[in-house]
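Trainee: whatever this is, show me its structure:
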Amino acid sequence: MRAMVVRAPGGLDKLELADRPDPGPPGPGEIRVALHASSLNFHDYGVATGRARAEDGRVLMADGAGVVEAIGQGVTDFAPGDHVVSCYFPDWQDGPPTIGNFARTPGDGLDGFAQDHVVRPATAFTRAPAGFSHVEAATITTAGLTAWRALVVDGGLKPGDTVLALGTGGVSIFALQLAKRIGARVIITSSSDEKLERARALGADETINYRTDENWGARARELTGGRGVDHVVEVGGPGTLARSIEAVRVGGHISLIGVLTGRAGEVPTGALMAKQARLQGLIVGNRRQQQDFVRALEGGALRPVIDRNFRLEELADAFRYEESGGHFGKIGVEW
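Mentor: Next up is the predicted model:
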C-alpha cells in the first residue's frame with residue numbers, strides 16, 4: 001500500500017511516496033480503516049521539514065479520515081462502513097491533560113495517516129460528523145478541536161463575549177465560526193486585506209491589518225471601548241503575546257496555542273499580572289472533547305473552510321503552499 005514518508009534529516013525534498021506492507025486484519029479492540037483524507041497543520045510541517053525531528057521513514061500527518069473496513073473482537077463503538085476521524089492524542093481519552101509531548105502523536109512519535117490503510121485501537125478514533133466529506137472531517141481533529149477546546153471547553157465562551165483571533169489559518173477560522181455560532185463578537189487580524197474581507201464574509205465584526213497597524217493590541221482594545229477582549233486565540237507565540245496581553249480585558253482569557261513566531265521569548269509578566277488574565281497553554285484536546293465537538297457539528301454549528309485540496313502524492317507541494325502563507329482556513333489532502 002502507499003504511504004507518504006519523510007526521510008531523515010527532513011525537508012520537503014525528502015518526502016517520498018513509499019510502498020508499505022498492508023497492516024492486515026484488526027486484532028481484539030482494533031479497527032481497520034481505509035483512509036481517504038488528511039489536512040495540514042503547522043506541527044506536520046515541522047515534522048516534514050525536520051524542525052521536529054522524527055524517525056527516518058516516519059509516515060506523516062496527524063489528521064486522518066476514512067471508512068471502517070473491519071472491526072476486531074470486542075469493538076462495539078464502530079461497525080464496518082462507519083466514517084471515522086483520528087484522535088491527535090490517541091491515549092488521552094478523557095479528563096485533564098496528562099500528556100506533555102508528541103511521543104504518541106500520529107505523524108510524529110507514531111506513524112501518521114498519510115497512507116492507504118491503518119489498523120489501530122478503536123479508541124484512537126471517533127465518528128466523523130454526519131454529512132461531512134472525508135477531507136472536511138479531517139480538518140476537525142487538530143485545528144477544529146483546538147478552537148473548540150480553547151473557546152468552549154476551557155474558555156467558557158458565551159453570547160456577547162468578544163473574541164480576538166490572530167490570523168486566518170485553520171485554528172483561527174474555526175474560532176471565528178464557532179464564536180459567531182455561539183453569539184460572540186469577533187475581531188480578527190491578518191496582513192492581507194483580501195483575507196480580512198473573506199473573514200468579514202464569514203461573520204467577523206471587526207478586522208485589523210497588523211502590517212499597517214502594528215499596534216493591533218491597542219486597536220483591539222479600542223474596538224471594545226477600552227475594556228479589552230474576553231478571549232484571545234493566540235497562535236503566534238512570543239512575537240505576538242505582548243500585544244495579546246495588551247488587548248485582553250482584566251480577568252480575560254488567552255489561549256496560547258501556537259508558536260508561529262518562535263518557541264521562546266520574553267513575557268511581559270507585569271502587564272499580565274496587572275490584567276489578572278488567565279494565560280493557558282493548550283495542545284488540541286482529548287477524545288471525549290472531540291466526541292462533543294462532533295455532536296455540535298452535527299447540530300449545524302459550521303462547515304470547515306478548506307482553501308485548497310491536494311492529492312497524497314502532492315503532499316510536498318501542499319506544504320510549500322502552507323509555507324507561502326497564502327491559504328485561508330485549512331489545506332486538505334485527499335486520495
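Trainee: neighbours around the residue lying closest to residue 36 once chain neighbours are set aside, how many?
Mentor: Excluding the flanking residues, the one nearest residue 36 by C-beta to C-beta, 6 or more residues apart in numbering is residue 134, at 4.1 Å. Every C-beta, even on glycine, is put in place using the N, C-alpha and C of the backbone. Residue neighbour count, defined by other C-beta atoms under 10 Å, stands at 22 for residue 134.
Trainee: isn't residue 134 right up against residue 335?
Mentor: No. Look at residue 134 against residue 335 with C-beta atoms under 8 Å: they stay out of range, at 9.3 Å.
Trainee: hey, what's in contact with both of the two?
Mentor: Counting by C-beta atoms under 8 Å, 6 or more residues apart in numbering, the contacts common to residue 134 and residue 335 are 36-37.
Trainee: show me which residues of stretch 66-77 are buried.
Mentor: Buried residues in stretch 66-77, counting neighbours by 16 or more other C-beta atoms under 10 Å, are found at 66-72, 75.
Trainee: then stretch 286-294?
Mentor: Residues of stretch 286-294 classed as buried under the neighbour-count rule (16+ other C-beta under 10 Å) are 286-287, 289-294.
Trainee: need the contact partners of that stretch.
Mentor: Counting by C-beta under 8 Å, 6+ apart, the neighbours of stretch 286-294 from elsewhere in the structure are 85, 87, 89-90, 92-95, 97, 123, 126-129, 140-141, 144-145, 148-149, 153, 285.
Trainee: list buried residues within the residues you listed.
Mentor: Buried residues within the contacts of stretch 286-294, counting neighbours by 16+ other C-beta under 10 Å: 85, 87, 89-90, 92, 123, 126-129, 140-141, 144-145, 148-149, 153, 285.
Trainee: among those residues, name the ones in strands.
Mentor: Per DSSP state E, strands hold the following members of those: 85, 126-127.
Trainee: excluding chain neighbours, what is closest to residue 35?
Mentor: Take residue 35 and drop its neighbours on the chain: the residue closest to it by C-beta to C-beta, 6+ apart is residue 66, 4.0 Å away.
Trainee: so residue 319 sits right up against residue 47, yeah?
Mentor: No. With contact defined as C-beta under 8 Å, residue 319 does not count as touching residue 47 (10.1 Å).
Trainee: so which of the two has more stuff around it?
Mentor: Set side by side, residue 319 and residue 47 give different neighbour counts by other C-beta under 10 Å, the larger being at residue 47 (24 against 21).
Trainee: for that one, helix, strand, or coil?
Mentor: For residue 47, the secondary structure call by DSSP: H, G, I helix; E, B strand; the rest coil comes out as helix.
Trainee: which ones are touching it?
Mentor: When the contact criterion is C-beta under 8 Å, 6+ apart, the partners of residue 47 are 6, 10, 54, 58, 60, 107-108.
Trainee: closest one of the residues you listed to residue 79?
Mentor: Top of the list for closeness to residue 79, among the contacts of residue 47 and by C-beta to C-beta, is residue 107 at 26.6 Å.
Trainee: pretty sure that closest one contacts residue 118?
Mentor: No. Counting by C-beta under 8 Å, residue 107 sits too far from residue 118 to count as a contact (11.7 Å).
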